[in-house]
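Chemist: here is my input; please provide its structure:
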Amino acid sequence: MMRNETKIAKLTIASINSVTEIDKHKWNSFVKSESPLFDFEFLESMEKSGCTSRKNGWEPNHIIISEGSELVCIVPSFVKLNSNGEYVFDHSWAQAYYQMGLEYYPKLLSAIPFTPINGKRLFFNEKYEFKDYIACLKDFIIKKKSSSFHLNFVEKNQSDNLVEQGFFQRLGIQYHWKNNNYLCFDDFLSNMKSKKKKNIIKERKSLKDLGIFFHTKIGKNINKEDWDFFYNCYVDTIKKKWSYQYLNYEFFLRLSESNLIEKILLIVAEDKNGAKIACSLNFIGNKKLSGRYWGCIQDIPFLHFELCYYQPIEFAIKNKIEIIEAGAQGEHKIARGYVPTTTYSNHWIRDNEMSFAIESFLKKESKIVKQNINYLQKSIPFKLNQS
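Modeler: Coordinates of the predicted model:
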């Protein structure tokens, strides 16, 4: 115990109000992961466009741990003044706090803004063990005037380790496509049950019969006209869903002018006359393709499935990408080859009474999530279970 305390005593922890307070290359050397959405330029674009700000309830508050002058750990984090754009829903917790006469906000959150993509949330070198960084982090958040600390969509290994350090674990469900070393799209289809295979072929053929074709554009091949069209589609989708628009044009413009552009895939649909009618935006990681936004100016059956599922699958197979994460929710994805997958988040609650209540709730909720996963597994469309 004394040895561990001595090790932790060597560490200092602080928070910074902007990613720009850390050298870009140093930041990126830490956050190498399956997804580029914690890259310096992504977070910088969020900040400078005003998408992450106190006004929007996402105030940058990145936690950094150092040994002397050496940076050893980064936890990208935000002070949250609401629960918007998180995809792990805790509004009932906030309401319970209110009924108890307690303040739930501000809270601390480690997550990719407005994006339910899974991965690491602590990025560190191996000089210290994970538990040392967590002990340091817990000491820090206990001293902060915050009701709680949350880490959303954490990879399972880190999530389990957080449980060992006193953080509650919450389960969720997403639908991911997993590459079973497919050689081509037809190889992928050959692994599916006959009825599901025929349905996908029918959906794709209907678009081909209409003369609709698709372009995949990466990096500098995405021009300003493409970005303008995408943004119009994005805004239109927000309006159709009666959703809140978290991202503005300046954010996408900054992305297009950054080095991150080489990790962006835009899939554009055009009609038989060459007019753009729809598009989807994806981020390319080392082993993962993250599908994020889509929109259309014509409502055509199956167009969404082609842009958001089948075209990304073809790209992933061609580029030997292992996983596609296509956002939250959507049981209809199962029939398109996306399997139900457990997601994890972790939560530390300051107030003892609320901590007990939330722990009890999460235990009950986890049983239901596991039951749902088992039920959904029965709908997997493959000849052999590939979950």
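
Chemist: only C-alpha atoms for contact and neighbour calcs from this point on.
Modeler: Will do.

Chemist: I'd say Lys193 and Ile380 touch.
Modeler: No - using C-alpha atoms under 8 Å, Lys193 is not in contact with Ile380, being 9.2 Å away.

Chemist: what about those two, which has more around it?
Modeler: Ile380 (23 against 14; other C-alpha atoms under 10 Å).

Chemist: give me the three-state assignment for that one.
Modeler: coil (DSSP: H, G, I helix; E, B strand; the rest coil).

Chemist: from Asp228, how far off is it?
Modeler: Distance, Ile380 to Asp228, using C-alpha to C-alpha, to the nearest Å: 38 Å.

Chemist: just the strands in the stretch 201-350 of the chain please.
Modeler: Counting by DSSP state E, counting those that start in this stretch, the stretch 201-350 of the chain has strands at residues 213-218, 264-270, 276-284, 288-296, 323-328, 339-349.

Chemist: relative to Gly50, which of the ones you listed is closest?
Modeler: Between Gly50 and the strands of the stretch 201-350 of the chain, the shortest separation by C-alpha to C-alpha is 19.1 Å, and it involves strand 288-296.

Chemist: now Phe361: which helix or strand?
Modeler: helix 352-377 (DSSP states H and E).

Chemist: return the distance of that helix from the chain's centre.
Modeler: The chain centroid and the centroid of helix 352-377 are separated by 21 Å, computed with C-alpha atoms, centre = their mean, to the nearest Å.

Chemist: next one: stretch 373-384
Modeler: For stretch 373-384, the distance to the chain centre is 24 Å (C-alpha atoms, centre = their mean).

Chemist: hang on, the earlier thing: now the strands of the stretch 201-350 of the chain as TSV including distance to Leu255 and mean neighbour count?
Modeler: Below are the strands of the stretch 201-350 of the chain laid out as TSV (distance: least, C-alpha to C-alpha, whole Å; neighbours: other C-alpha atoms under 10 Å):
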stretch	distance to Leu255	mean neighbour count
strand 213-218	13	16
strand 264-270	9	22
strand 276-284	11	23
strand 288-296	14	23
strand 323-328	20	21
strand 339-349	28	22
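
Chemist: and the ones you listed as TSV, adding mean pLDDT and distance to Ser256?
Modeler: Converted to TSV, the strands of the stretch 201-350 of the chain look like this (pLDDT from 0 to 100; distance: least, C-alpha to C-alpha, whole Å):
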stretch	mean pLDDT	distance to Ser256
strand 213-218	96	11
strand 264-270	97	9
strand 276-284	96	12
strand 288-296	92	15
strand 323-328	90	21
strand 339-349	97	30
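
Chemist: ok, which of those strands comes nearest Tyr244?
Modeler: The closest approach between Tyr244 and any of the strands of the stretch 201-350 of the chain, judged by C-alpha to C-alpha, belongs to strand 288-296 at 13.6 Å.

Chemist: only C-alpha atoms, please: export the closest one in CSV.
Modeler: The C-alpha trace of strand 288-296 is given here as CSV (Å, rounded to 0.1, in the frame of the first residue of the first chain):
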residue,chain,number,x,y,z
LYS,A,288,-12.7,1.0,-37.5
LEU,A,289,-15.0,3.0,-39.7
SER,A,290,-17.3,5.3,-37.8
GLY,A,291,-20.5,6.3,-39.7
ARG,A,292,-21.9,9.5,-38.3
TYR,A,293,-24.2,11.7,-40.4
TRP,A,294,-26.3,11.3,-43.5
GLY,A,295,-29.0,13.2,-45.4
CYS,A,296,-31.0,13.4,-48.6
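
Chemist: pairing partners for that strand, with directions?
Modeler: strand 276-284 (antiparallel), strand 323-328 (parallel) (DSSP bridges).

Chemist: please convert those strands to TSV, extending it with distance to Asp351.
Modeler: Output for the strands paired with strand 288-296, formatted as TSV (distance: least, C-alpha to C-alpha, whole Å):
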stretch	distance to Asp351
strand 276-284	38
strand 323-328	30
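
Chemist: out of the ones you listed, nearest to Asn259?
Modeler: Per C-alpha to C-alpha, nearest to Asn259 of those: strand 276-284, 12.8 Å.

Chemist: between that closest one and strand 264-270, how many degrees?
Modeler: 160 degrees (axes from the mean of the first three to the mean of the last three C-alpha atoms, to 10 degrees).

Chemist: any chance you could list what contacts strand 276-284?
Modeler: Here strand 276-284 makes contact (C-alpha atoms under 8 Å, 6 or more residues apart in numbering) with 35-37, 229-230, 233, 263-271, 289-298, 307-308.

Chemist: what angle separates that strand from strand 213-218?
Modeler: 40 degrees.

Chemist: I'd like to know how many residues surround the closest residue to Tyr182 other than its chain neighbours.
Modeler: Spatially, and ignoring its direct neighbours in sequence, Tyr182 is nearest to Phe188 (5.8 Å; C-alpha to C-alpha, 6 or more residues apart in numbering). For Phe188, the count of nearby residues is 19 (other C-alpha under 10 Å).

Chemist: separation between Phe188 and Gly50?
Modeler: Distance from Phe188 to Gly50, by C-alpha to C-alpha: 42 Å.

Chemist: show me which positions of stretch 94-112 end up buried.
Modeler: 94, 96-97, 104-112 (16 or more other C-alpha atoms under 10 Å).

Chemist: residue nearest the centroid of the protein?
Modeler: Centroid-nearest residue in the chain, with C-alpha atoms, centre = their mean: Ile117, separated by 1.7 Å.

Chemist: for that residue, give me the pLDDT.
Modeler: pLDDT recorded at Ile117 is 94.

Chemist: got a list of what it touches?
Modeler: So Ile117 contacts 35, 153, 290, 325, 327 (C-alpha under 8 Å, 6+ apart).

Chemist: host element of it?
Modeler: Per DSSP H and E, there is no helix or strand for Ile117.

Chemist: perfect, I'm done here.
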